[in-house]
Structure formats: C-alpha cells, structure tokens
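Engineer: pasting the structure only:
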C-alpha cells in the first residue's frame, strides 16, 4: 500500500500546474536517519503504521539535524555574544553569567514555539518596535532590545508617507558602537525571511486488506485528500492513514492487537473517515467505528468527520474506509510550551 | 549497579566503580561560565589552561592528551589525562577524543512502595543497546542518541534512568485522570497531576503567599451581586464536570445549581484581581493550553484550574459558603481531598515541587505492548523499542534533573 499511495500522491502533483513536485520516499524499515528537506522542498516520507510508535523521535530528529537550523543557531549565538560584550562595555550588565544563560533559554523558548522567524520578530520576545507619527515626514520607528528589565534603544528608521518597508530593513543604529550589532540583526532577520519554505510530512500507512483489493480510484481519492488537506500545510507534520473494509452489522474489531493498534494511540483529533460507499451501511456501523479501530478514548469526545467517495461503481463492493488523523510530531506550533519539556518555576 | 554505553562505538560494558572522579573545586563551575562567553580565542585559551590545572589534580593519567599544543604544552611528552579531565576540558567539543568518550550511564531505579523492584540495567544490556541503534536510509546500522531534540544534553555524556513502567505510574499518578496528556508540560508533585502551559501562570500567582491570602480574603466575602455564568460557560462547565466525573458523573439539577453558583462566585473574585485578567484574556486552545475540551471563557478555565491545582481553596471556600454543602459531600471527598493527601505522603514535605515531563524510550515485549500507554502523566514516550524484557520499562532522560532527590525511590 505504501508504494500505491506514493504513486497516487505523485500523480496528484503531476496533474497540478500550481505545485512543485515533492520528494516522496517510502521507508519500509524503522529508519532513524532520514535525509532532511532542502530549502523550498516538500518532502514526504511514507512509513508503516507500526513506526508511528516512534513518531516524535522521527520528526524531531529530522528537524534538529536540518542544516539550516544549525546555521541559525550559530549566527544567533554570535549575535548574543556581540550584544553581551556591548552591554558589558556600556555598563548595562555587570554579572554576565546568568544573563547569557537566560537569553539563550529565552531564544530556545521562542524557537520551540514560533520557529527561527519568531526570534527577531518585534514584539515576540527580545525585540520591540515603537512607532511615532510625524505629520510632515511619516512614521518614525524605534527598535528596542527588550529582555528582563532591559529596554534599550538600538536603532531608528523613518518610513515616509506612502512607502512601505519589509521586516527590519532600513533601521540605522542610534550609536556607532551598535552599528555591527544592528547590521547583524537585520542580516539574520533577512536571511530567515528569505528562506524558501520547506515542509516535511510523515505519513504512517496501514492496510487491513490485501494490497490489490482497494480500487485505484479510491486510493487516488484518499491521496487527493491528503495532498489538499495535509501535505505541505505545516513545516513538520505526521499523519496516519488506515485503509480497511467495513463489514456491515459485524461486531468484529477491524485491527488486531499489536504494534499497529498500539501506534493508533498517537492519533489526535480531528478524526476523518472517508468511505468508498455508504450504500449498505447502517448508522451503527459508523458510530462504532472508533471502538472497532481501538482509537484512543478522546475520539469519543470529538465528532468524527465522515465523507463518502462519490463513485457509484463502488456501490457494488463491500464498503471500504480510509481513516486518517494527525499524530503528535513532537513539535509545538500552537502551545506556549517552554523549551520542549522544561517547566521553569 | 549501572551500565555505561559508549555511544561512539556502540559498545556496552558494566561501569567500573569510581570510573570517574568527583571535582569539588567551586572554581570549575565559575571557569565554565567564563569559558562560554570568552571574548577572544586568547582569553578562551587562558581560561582553558586554568581549568585544566584544576581538573588534572588527582588525575588517573590513563592516556596521553590528544592536543597538548592547545594548552601550550610539550607535544613530545604529552600530559597523561583521564576521562574526567576530558569531560571538563575547554576544548572538548573540538577534540576527536570527545567522540570516543561520549557515553551514557544507565541507572536502574524504582518506586519503593508496593514491593516494586528496580530492573537491573546490567541484566538487560542488549535491550538497552538497541535504544541507541539506528538505521540510515542505506540500511546501515548507526549510533543515535534517541533524545536529540528532546533533551538539551543530548549527544553529550550524562546519566539516564531505567525505571519499570508500573513504577512510573505508581510514583506519578494522574489524579484527575486526564484522557489526553501529550500537551502537558510538567508534573506537580503536590497535587499529583500533570500541568499545562496556562497552569504555569496560575501557579506563579498561587505560590505568592500574599496573593493567595488576598484571594482567600476576597473569596470569603464573595457572594453579593454575583453575575450569572454565560450560556457558553454553563455548557462548558457541564462538559468539564462530565469529563472529570465530578459528583460521580451524576449531573442532577441540585448539583448543577450548586456547581454553577460556586464558580460564579469564584469568577467574581478572580475578576477583582488584574493579575488573573491577563491569563483569562489570553486565547487558550482546548487540550493544548489546558486539559479540557472546552470552549468556555478564560475565566472559567482559570477558576477550575485554581481549584484543581490548589485543592485546599475548595475546602476554604466551602467553610465560608456552607450553602454549597451538596458539593462538599458529594464532590470533594471523591476528588480534591484525596489528591492532597496522596501528595503529602509521596513527598513527606509541604514544599511545592514540579518536575518536567521527561522524554522516555519505552522498552517492551510485544505481549505487554497493549497494556502500555504512550503518554504518561510525568513522561512522554518518544520511541518504542520492542525487546525481550521481563516487564515494560522506560529509559528516561532526566533533563538534568536529579531524580535522586525525589523521595520514595530505590536504586538498583
């Protein structure tokens, strides 16, 4: 099924004029060292569902070995070091030990929630911008370094009426000693903004029937759904897809207890079921779905989105399903988590 | 006992007793701090030489230093050093020897209650070794640190813990029985429950004694001109009550009336304090920033979490609002009170303590797999390793946290 889904996903992109073709790789073994995506690339890994038991390990390992992240770390370290030297020389700092630890920690917090782009985004941690309207000239903006008790003016710029400026462009240091630091800030900010957006999607796939049983049109339909709704929507994402057959009226569990059913404990809402046909189905067949698939109990608190593939030729067959849901990938795009797992009180 | 896994060679051997020396000189810590922010290579070298002088005192002199020239020493007769010298060397990240010396020590511990016994790491060396094995896309075996991206100390020498799965559940129970834990960020030993991102800000206020006293004072006097809960909050509170099995899942009209009345008063008090306003007004994502599948107001979430994180407040409230007796008799004995009692027994002290949710590798045989969970109250399973082991175990990275300091643990 991994190979079939790969072909279907590839055909979706081939028929699209808008999207660049992604790199799609089938990984049959529990591979730990996956080649990360290059800038601008959409990378899709297809793995067996059993490997989802280690899904956070896969995604974070790929994320943390990506060369662009390491380069950013080095540059931001150099910047904080230069800034610290300046702060000490200007008597803003006397005890540098804790400051350096704290600022690194803060930067890690921002990176874990907002990514590299968040670090030098004004108002998001260590920089802020204030704006003053000057009627005859335009907007006078001031760039501040804000951390702890510090709120130090670094640079200023004037945005004339009718013109626009991107990011931190055109900021000029307010003092000669700050010129290099401000240039570095602008340079790092620009390099992050200019990065071509790359994405990595891990698809954990399982089929509960023989490979040839699913009609190609149904697999293509599921692939189209994944391309439209899942792939490339996030920088890093993991998703599970389970193909199976619904036996109307049967109480038999869909998936035997084993590594695959254990892996389904990683599933998170929203849950989606795509049916090949609902011709012979009763409501109970759909309602009992979460239980029969051994989904985690949280599935009972969420509505499961059910859709039907509109191909009447499939009405003659036993109804098939494709269940899909996100899997926690070990990254935190929506929470305020601190540096991965650390709780600091 | 413990085992040491040398990551550079993927070779496993039993740790020799006292294989590493203890450095008691406080200047070592200071010099390390200075090293990180040395302004020039020359300054870095000067500090490294000082550091070397301190660490080589009492060295076991096991092998010659790889780069004596970095310290302006003779290359012809290099100084003999040991593992401890290399671990504390200023140039350790540049030296080839670091890769050879990279190792993790695995200590076996267990929760002492209920006759739980530690699983000795030295008897499960092959299983442990598999945790550090990987495969590249060419199918070749590689050595990996499974905690890369989860621990700031990944890819450096450190200690890990091997803890029986059952022991971890016993030691860190989740009293509210949360169904979804993957977004929890830490664990509160006092109230024996996982904590979420929004809890951090609530706890910071609750741990401020003067703030807590002011809150209690207002709570005592609350009850006049109370605003009714909005429709959305009422629905949300009912959902939370069902999720938490308050009142044993019974949501009769008396209980609902009593519950609504109590939370109306608590929210009224919360609104007096601007400190809580910033928390309540922050957008919160259900099951991400708090443990509820709720779309109620931030005030409601703060009110519920305050009672859950500081159960004594419920008792205090009920003392001063006896009209909520229904709540007292049906709800409290089954939930909050027990939680406080358990935490006191676990810790043996009143001081509030928190631990992070540790990243863990689950070592488990296929037959035991179905009884395990991937998200535990105080740790998250990041990788699963199917191995032949008598009982499911967790290999935990303590995130530089000293698990020895927690009472109730036995060391193998």
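Structural biologist: That came through fine. All values derive from a computational prediction rather than experimental measurement.

Engineer: switch to C-alpha atoms for all contacts and neighbour counts from now on
Structural biologist: Will do.

Engineer: residues from the stretch 151-300 of chain B in reach of chain A?
Structural biologist: Counting by CA under 8 Å from any CA of the partner chain, the residues of the stretch 151-300 of chain B close to chain A are B:151, B:179-180, B:182-183, B:185-186, B:197, B:200, B:204, B:285, B:288-289.

Engineer: tell me the SS of residue 123?
Structural biologist: Just so you know, I chose chain A. When the structure is reduced to helix, strand and coil (DSSP: H, G, I helix; E, B strand; the rest coil), residue A:123 reads as coil.

Engineer: should've been chain B
Structural biologist: Using three-state DSSP, the structure places residue B:123 in helix.

Engineer: Could you check the pLDDT of it?
Structural biologist: Model confidence at residue B:123, given as pLDDT, is 82.

Engineer: What of residue A:41?
Structural biologist: Residue-level confidence at residue A:41 comes out at 79, pLDDT.

Engineer: and what of the one 10 residues further on?
Structural biologist: Residue A:51 is assigned a pLDDT of 90 by the prediction.

Engineer: what's the answer for residue A:317, then?
Structural biologist: Residue A:317 is assigned 71 on the pLDDT scale.

Engineer: swap in the one 5 residues further on?
Structural biologist: Looking at residue A:322, its pLDDT stands at 87.

Engineer: Check the one 5 residues further on too.
Structural biologist: Residue A:327 carries a pLDDT value of 88.

Engineer: Test my guess that it contacts residue A:270.
Structural biologist: No: look at residue A:327 against residue A:270 with CA atoms under 8 Å: they stay out of range, at 10.1 Å.

Engineer: what about these two, which has more around it?
Structural biologist: In this comparison of residue A:327 against residue A:270, neighbours counted by other CA atoms under 10 Å in any protein chain shown, the higher total goes to residue A:327 at 24 against 13.

Engineer: who touches the top helix by length along chain B?
Structural biologist: Among all segments of chain B classified by DSSP state H, the helix with the greatest residue count is helix B:253-270. Contacts to helix B:253-270, defined as CA atoms under 8 Å, 6 or more residues apart in numbering or on different chains, come from residues B:215, B:218-219, B:222-223, B:226-229, B:234, B:237-238, B:247, B:276-277, B:299-300, B:303-304, B:324, B:326-327.

Engineer: Would you mark the buried spots in the helix or strand that it is followed by?
Structural biologist: Secondary structure here is assigned by DSSP states H and E; on that basis, the next helix or strand after helix B:253-270 toward the C-terminus is helix B:274-281. In terms of neighbour count (16 or more other CA atoms under 10 Å in any protein chain shown), helix B:274-281 has its buried residues at B:276, B:279, B:280.

Engineer: With stretch A:154-168 instead?
Structural biologist: By 16+ other CA under 10 Å, the buried positions in stretch A:154-168 come out as A:154, A:155, A:156, A:157, A:158, A:159, A:168.

Engineer: wait, the first one sits on residue A:141?
Structural biologist: No: the criterion here is CA under 8 Å, and residue A:154 misses it with residue A:141 at 11.0 Å.

Engineer: how deep is the closest residue to residue A:161 other than its chain neighbours tucked in, by neighbour count?
Structural biologist: Leaving aside its chain neighbours, residue A:161 sits nearest to residue A:138 (4.7 Å; criterion: CA to CA, 6 or more residues apart in numbering or on different chains). As a burial measure, residue A:138 scores 15 neighbours (other CA under 10 Å).

Engineer: Identify the bridge partners of residue A:138.
Structural biologist: With DSSP bridges as the criterion, residue A:138 is bridged to residue A:134, residue A:160.

Engineer: Kindly provide the distance from it to chain B.
Structural biologist: Per CA to the nearest CA, to the nearest Å, residue A:138 is found 33 Å from chain B.

Engineer: can I see the domain layout of the chain?
Structural biologist: Looking at chain A here, since you left the chain open. The record, using automatic domain parsing to delimit domains, assigns chain A the ranges A:2-63+A:199-327, A:67-194.

Engineer: To clarify, I was referring to chain B.
Structural biologist: Listed domain ranges for chain B are B:2-101, B:103-174+B:357-411, B:186-347 (source: automatic domain parsing).

Engineer: Pick the most buried one from those domains.
Structural biologist: Mean neighbours per residue, mean count of other CA atoms under 10 Å in any protein chain shown, is largest over those for domain B:103-174+B:357-411, with a mean of 19.

Engineer: now the strands for the stretch 51-200 of chain A?
Structural biologist: Secondary structure of the stretch 51-200 of chain A (DSSP state E, counting those that start in this stretch): strands located at A:127-134, A:138-147, A:150-160, A:172-173, A:199-207.

Engineer: Present the ones you listed as a markdown table; the columns should include mean pLDDT.
Structural biologist: Conversion of these to a markdown table gives the following (pLDDT from 0 to 100):
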| stretch | mean pLDDT |
| --- | --- |
| strand A:127-134 | 87 |
| strand A:138-147 | 88 |
| strand A:150-160 | 88 |
| strand A:172-173 | 88 |
| strand A:199-207 | 89 |
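
Engineer: need the ones you listed in CSV with distance to residue A:257, can you?
Structural biologist: Formatted as CSV, the entries for the strands of the stretch 51-200 of chain A read as follows, by distance: least, CA to CA, whole Å:
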stretch, distance to residue A:257
strand A:127-134, 52
strand A:138-147, 52
strand A:150-160, 57
strand A:172-173, 64
strand A:199-207, 14
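
Engineer: winner for burial among these?
Structural biologist: Each of the strands of the stretch 51-200 of chain A was scored by mean neighbour count; the highest is strand A:199-207, a mean of 24, by mean count of other CA under 10 Å.

Engineer: Counting by contacts, list what that strand packs against.
Structural biologist: Where contact means 3 or more CA pairs under 8 Å, 6 or more residues apart in numbering or on different chains; DSSP states H and E, strand A:199-207 is packed against strand A:42-48, strand A:236-245.

Engineer: Within the sheet, what are the partner strands of the longest one, with directions?
Structural biologist: Based on DSSP bridges, the pairing partners of strand A:236-245 within the sheet are strand A:199-207 (parallel), strand A:320-327 (antiparallel).

Engineer: In strands, which of the residues of the stretch 151-300 of chain B next to chain A appear?
Structural biologist: Counting by DSSP state E, the members of these that fall within strands are residue B:186.

Engineer: Just the closest of the residues of the stretch 151-300 of chain B next to chain A to residue B:271, please.
Structural biologist: Checking these against residue B:271 by CA to CA gives residue B:204 as the nearest, at 17.3 Å.

Engineer: Okay, helices next: where are they in the stretch 101-250 of chain B?
Structural biologist: For the stretch 101-250 of chain B, the helices identified by DSSP state H, counting those that start in this stretch occupy B:125-131, B:165-171, B:197-206, B:209-221, B:231-244, in order along the chain.

Engineer: Check the spacing between residue B:303 and residue B:196 real quick.
Structural biologist: Counting by CA to CA, to the nearest Å, the gap between residue B:303 and residue B:196 amounts to 15 Å.
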